[in-house]
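# Prediction below, plus the sequence it came from.
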Amino acid sequence: MEGYAALYIFMLAAFTGYEVISRVPVILHTPLMSGSNFVHGVVLVGAMVVLGHADPEDPVQLVIGFIAVFLGAANAAGGYVVTERMLAMFKGGNKKEGGA
């Protein structure tokens with residue numbers, strides 16, 4: 001029964017996440033991306049904790065933990081790069097004053 005409860009919670013979270021994200025206006029995508037970077041940082045910390053509790057004698061646990069940490073770090077770093085590029089679009093360029 002425990003597996004069904006976990007599956008039910010996952011399905012509710014996926015549906016709720018899809019509904020929330022699909023209704024975000026375009027102007028809010030940059031703050032939303034910054035917020036998701038925070039979540040990815042929390043995921044990375046969680047992956048490091050799980051890797052720290054992995055059994056040193058079981059190479060499967062260590063490999064899965066390492067992959068989780070690596071992918072979490074890559075996702076967080078990539079999110080910050082994308083956010084930086086999006087914010088650069090709103091900065092003023094080298095505009096000449098005086099016109100013409």
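Perfect, I can see it now.
# chain center to the lengthiest helix in the chain, what's the gap?
Within the chain, and with DSSP state H defining each element, the longest helix by residue count is helix 59-90. On the basis of CA atoms, centre = their mean, to the nearest Å, helix 59-90 is displaced by 7 Å from the centre of the chain it belongs to.
# any low-confidence regions in the protein?
Within the chain, the stretches falling below the threshold (pLDDT under 70) are 1, 29-35, 92-100.
# For the residue sitting nearest the centre point of the chain, give its distance to residue 59.
Averaging the C-alpha coordinates of the chain gives a centre point, and the residue nearest to it by CA atoms, centre = their mean is residue 40 (3.6 Å). To residue 59, residue 40 is 26 Å away according to CB to CB, to the nearest Å. (C-beta placed from N, C-alpha, C; glycine too.)
# again with residue 15
Summarising the geometry, the distance separating residue 15 from residue 59, computed by CB to CB, is 36 Å.
# what's the answer for residue 78, then?
Separation of residue 78 from residue 59 (CB to CB): 28 Å.
# With residue 84 instead?
Plainly put, residue 84 is 37 Å away from residue 59 if you go by CB to CB.
# and what of residue 44?
Spatial separation of residue 44 from residue 59 under the definition CB to CB is 22 Å.
# what about the two, which has more around it?
A side-by-side neighbour count of residue 44 and residue 59, using other CB atoms under 10 Å, places residue 44 first with 20 against 10.
# My guess is that one contacts residue 71. True?
No - the pair residue 44 and residue 71 fails to qualify as a contact (CB atoms under 8 Å) at a distance of 9.1 Å.
# wait, what's in contact with the spatially closest residue to residue 76 that is not a sequence neighbour?
Once flanking residues are discounted, residue 76 sits nearest to residue 40: 4.1 Å by CB to CB, 6 or more residues apart in numbering. Shown in contact with residue 40 (CB atoms under 8 Å, 6 or more residues apart in numbering): 72, 75, 76, 79.
# so where does residue 40 fall, helix or strand?
helix 29-52 (DSSP states H and E).
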